[in-house]
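Peer 1: Here is the input, now give the coordinates:
(one chain, ligands or ions: 2)
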Amino acid sequence: MAIKNAYLLDLLARTEKRNPGEPEFIQAVTEVFSTLEPVIEKRQDLVDAGVLERIVEPERQIIFRVPWVDDNGKPHVNRGFRVQYNSAIGPYKGGIRLHPSVNIGIIKFLGFEQVFKNSLTTLPMGGGKGGSDFDPKGKSDNEIMNFCQSFMTELCRHIGADLDVPAGDIGTGAREIGYMFGQYKRIRNEWVGVLTGKGLNYGGSLARKEATGYGLCYFTNEMLQANGTSFEGKTVLVSGSGNVAIYACEKATEYGAKVVAMSDSNGYIYDKDGIDLKAVKQIKEVERKRIKEYLNYRPNAEYHEGCKGIWTIPCDIALPCATQNEIDGESAKILVKNGCKVVSEGANMPSTPEAIDTYLTSGLLYGPAKAANAGGVATSGLEMSQNSIRLSWSFEEVDEKLHNIMKSIFKACDEASKEYGMPGNYMAGANIAGFIKVAEAMKAQGNV
Ligand code: NDP
Ligand code: 2IT
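Peer 2: Ligands and ions are numbered 1, 2, ... in the order given. Okay, the predicted model is just below:
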């Protein structure tokens, strides 16, 4: 969607100039701005309070050296990041990404998205994100531990249970959170809920592991039902085969859909009879191997090199759950040509602007990431609550709360899209609903 408003265009140009070499950050800001025009026309008070100028500038950005030693005694140096983006409605909250592609622009875009996402969850959480260009692939447990301890040795000065609460993201799961939590506790000499996604026997929440994927399907189910359809009997593509992808596949299958493809950064599997999720869990969660191993379990399935090809498989519903910009304009057009009617995002910003334009002009149901994948951080919020009251809730209790949160997120997106004259454009609805709550809190707290 093109931006026409002169004020927004000018601020976007200034933001681009101040953040050179950060295309993903500019992409995320541009998308949000493209939907805010009707809001700033109605809410001059928010413009006058300088909210937009402040919202494109993170409150604090921390960059640090992470030295560690591999199993052969060789020293390595990575770069660590924490962007404490916005604390208007609660402590900074957001994951830690460990992937060689990580740089300040990637972490800043993720932090920016997190602000609006966390606002949509209905829970009191600000937005932040962190990570490192460390590549966990092929590393031993000992090397992962050395890295995580070094990373936390610096990070622990900047976070806290009421200040900034990191969690998992790409490359950071229960193992990494465990090592980071141990190091925090050792240095600070306090046991507090400073990280979420912890193990179940030391303060983790039931259903956190499943939450992003389940939440994605809960949100998508609401969107489907509001438009007179359902998951039942639909053919679904799920990209990725990590935490989000696995539990999206599980819940979509429970809802009566058939997931026929999954992927990793090397290639994708196509199983026309429906993915055997037990095999995927064994390969990915237990053995930490590549998705092509799937053929050892299901010899009739196909494996293809390269990740883009997954979007050429005919489907009704696409659930991108791997990484940013994984669906470009060309892939979006192929999806539409093959009959895809729904794209709902488990990953953060998985669709390029050209892809989003294709969804909107082709009349697809489009569930944008900051609404559709908010179930993970929402359940992290529930983990924080449980840590604070020193109790643990049952799986059913957490799952029910998650389900209700996802319903309310869909309702907020739907209502905002209608109120601001773009009915059915849930991207606009999510941006607007997420923005207004944060913007009002910022205005109320003065120019800080
Ligand atoms: P995982 O590390 O568990 O899994 C990531 C998956 O995506 C892997 O299959 C990985 O393949 C694939 N992938 C990663 N980078 C690329 C790439 N550059 N190209 C192709 N495939 C890639 O991460 P998560 O499942 O936790 O995260 C997936 C997405 O969901 C991310 O965008 C994340 O920000 C988002 N998200 C995660 C939440 C969570 O709670 N974990 C919450 C909300 C959003 P390979 O193994 O080959 O690298
Ligand atoms: O992108 C995300 O929302 C996450 N990686 C989860 C963050 C969290 O704090 O649980």
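Peer 1: so where is the stretch 151-300 of the chain shaky, pLDDT-wise?
Peer 2: Judged by pLDDT under 70, the stretch 151-300 of the chain has no weakly predicted residues.
Peer 1: Quick check: the residue of the stretch 251-400 of the chain nearest ligand 2.
Peer 2: Scanning the stretch 251-400 of the chain for the residue nearest ligand 2 gives residue 380, at 3.3 Å (criterion: Cβ to the nearest ligand atom). Using the backbone N, CA and C atoms, a C-beta is placed for each residue, glycine as well.
Peer 1: Could you do the stretch 1-150 of the chain as well?
Peer 2: Ligand 2 sits closest to residue 95 of the stretch 1-150 of the chain, with a gap of 3.0 Å, by Cβ to the nearest ligand atom.
Peer 1: Over to that residue. Which of the three states is it?
Peer 2: strand (DSSP: H, G, I helix; E, B strand; the rest coil).
Peer 1: which strands and helices sit next to whichever helix or strand residue 413 is part of?
Peer 2: Applying DSSP states H and E as the criterion places residue 413 in helix 395-419. Applying 3 or more Cβ pairs under 8 Å, 6 or more residues apart in numbering; DSSP states H and E, one finds that helix 395-419 makes contact with helix 104-120, helix 208-226, helix 369-372, helix 375-389, helix 426-444.
Peer 1: could you dump those helices to CSV with distance to residue 76?
Peer 2: Listed next are those as CSV, based on distance: least, Cβ to Cβ, whole Å:
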stretch, distance to residue 76
helix 104-120, 20
helix 208-226, 29
helix 369-372, 32
helix 375-389, 30
helix 426-444, 38
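Peer 1: picking that back up, angle of the helix holding residue 413 against helix 104-120?
Peer 2: 90 degrees (axes from the mean of the first three to the mean of the last three Cα atoms, to 10 degrees).
Peer 1: Would you mind finding the most buried of the helices and strands packed on helix 395-419?
Peer 2: Sort these by mean neighbour count, taking mean count of other Cβ atoms under 10 Å, and helix 369-372 sits at the top with a mean of 29.
Peer 1: pLDDT of that helix, averaged?
Peer 2: Mean per-residue pLDDT for helix 369-372: 98.
Peer 1: which ones are touching residue 434?
Peer 2: 115, 116, 117, 119, 120, 370, 371 (Cβ atoms under 8 Å, 6 or more residues apart in numbering).
Peer 1: Which residue ranges of the stretch 101-250 of the chain form strands?
Peer 2: 127-132, 164-167, 235-238 (DSSP state E, counting those that start in this stretch).
Peer 1: Indicate which one of these is closest to residue 386.
Peer 2: Of all the strands of the stretch 101-250 of the chain, strand 164-167 sits nearest to residue 386, with 12.9 Å by Cβ to Cβ.
Peer 1: Need the CA coordinates for that closest one. CSV is fine.
Peer 2: Coordinates of each C-alpha in strand 164-167 appear next as CSV, following Å, rounded to 0.1, in the frame of the first residue of the first chain:
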residue,chain,number,x,y,z
ASP,A,164,13.7,-6.6,30.1
VAL,A,165,12.8,-10.3,29.7
PRO,A,166,14.3,-12.1,26.7
ALA,A,167,13.1,-15.5,25.3
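Peer 1: from now on call the first residue 27
Peer 2: Understood, numbering begins at 27; the last thing we discussed is strand 190-193.
Peer 1: Any residue of it touching ligand 2?
Peer 2: Yes - applying Cβ under 6 Å from any ligand atom, one finds strand 190-193 touching ligand 2 at residue 193.
Peer 1: is that strand anywhere near ligand 1?
Peer 2: No - using Cβ under 6 Å from any ligand atom, strand 190-193 stays clear of ligand 1, with a minimum separation of 6.8 Å.
Peer 1: quick one: that strand to chain centroid distance?
Peer 2: Strand 190-193 sits 14 Å away from the centroid of its parent chain (Cα atoms, centre = their mean, to the nearest Å).
Peer 1: any weak-confidence spans in the stretch 327-474 of the chain?
Peer 2: Nowhere does the stretch 327-474 of the chain drop to pLDDT under 70.
Peer 1: Enumerate the residues of it near ligand 1.
Peer 2: Counting by Cβ under 6 Å from any ligand atom, the stretch 327-474 of the chain sits next to ligand 1 at 333, 347, 348, 349, 372, 373, 374, 399, 402.
Peer 1: Once you drop chain neighbours, what's closest to the first one?
Peer 2: Distance criterion Cβ to Cβ, 6 or more residues apart in numbering; nearest residue to residue 333, sequence neighbours excluded, is residue 289 at 5.2 Å.
Peer 1: mind listing what the one you found touches?
Peer 2: 265, 266, 267, 295, 317, 333, 336, 348.
Peer 1: And the third one, its phi and psi?
Peer 2: So that's residue 267. phi -150, psi 30 (degrees, to the nearest 10).
Peer 1: count of residues packed around it?
Peer 2: Around residue 267 there are 27 other residues, counting by other Cβ atoms under 10 Å.
Peer 1: Would you mind measuring from it to residue 317?
Peer 2: From residue 267 across to residue 317, the span is 5 Å (Cβ to Cβ, to the nearest Å).
Peer 1: and for these two, which residues touch both?
Peer 2: The overlap between the contact sets of residue 267 and residue 317 (Cβ under 8 Å, 6+ apart) consists of 288, 289, 290, 306, 309, 310.
Peer 1: Closest one of the residues you listed to ligand 1?
Peer 2: For the shared contacts of residue 267 and residue 317, the nearest to ligand 1 is residue 290 (3.5 Å; Cβ to the nearest ligand atom).
Peer 1: measure the closest one to residue 123 for me?
Peer 2: Counting by Cβ to Cβ - residue 290 and residue 123 are separated by 16 Å.
Peer 1: who has more neighbours, the two?
Peer 2: It is residue 123, of residue 290 and residue 123, that has more neighbours when counted by other Cβ under 10 Å, with 24 against 20.
Peer 1: Where does the residue nearest to residue 133 when sequence neighbours are not counted sit: helix, strand or coil?
Peer 2: Nearest non-adjacent residue to residue 133, counting by Cβ to Cβ, 6+ apart: residue 107, 4.5 Å away. With three-state DSSP as the basis, residue 107 sits in strand.
Peer 1: residues in contact with the closest residue to residue 401 other than its chain neighbours?
Peer 2: Leaving out its chain neighbours, the residue that sits closest to residue 401 by Cβ to Cβ, 6+ apart is residue 241, at 1.5 Å. By Cβ under 8 Å, 6+ apart, the contact set of residue 241 is 398, 399, 400, 401, 402, 404, 405, 428, 431, 432.
Peer 1: Just want the residue of this structure that's nearest ligand 1.
Peer 2: With Cβ to the nearest ligand atom, the shortest gap between the chain and ligand 1 falls at residue 268, namely 1.8 Å.
Peer 1: how far away is that residue from residue 144?
Peer 2: For residue 268 relative to residue 144 (Cβ to Cβ), the value is 21 Å.
Peer 1: Next: residue 203.
Peer 2: The gap separating residue 203 from residue 144 is 19 Å, by Cβ to Cβ.
Peer 1: likewise residue 72?
Peer 2: Using Cβ to Cβ, we find residue 72 at a distance of 19 Å from residue 144.
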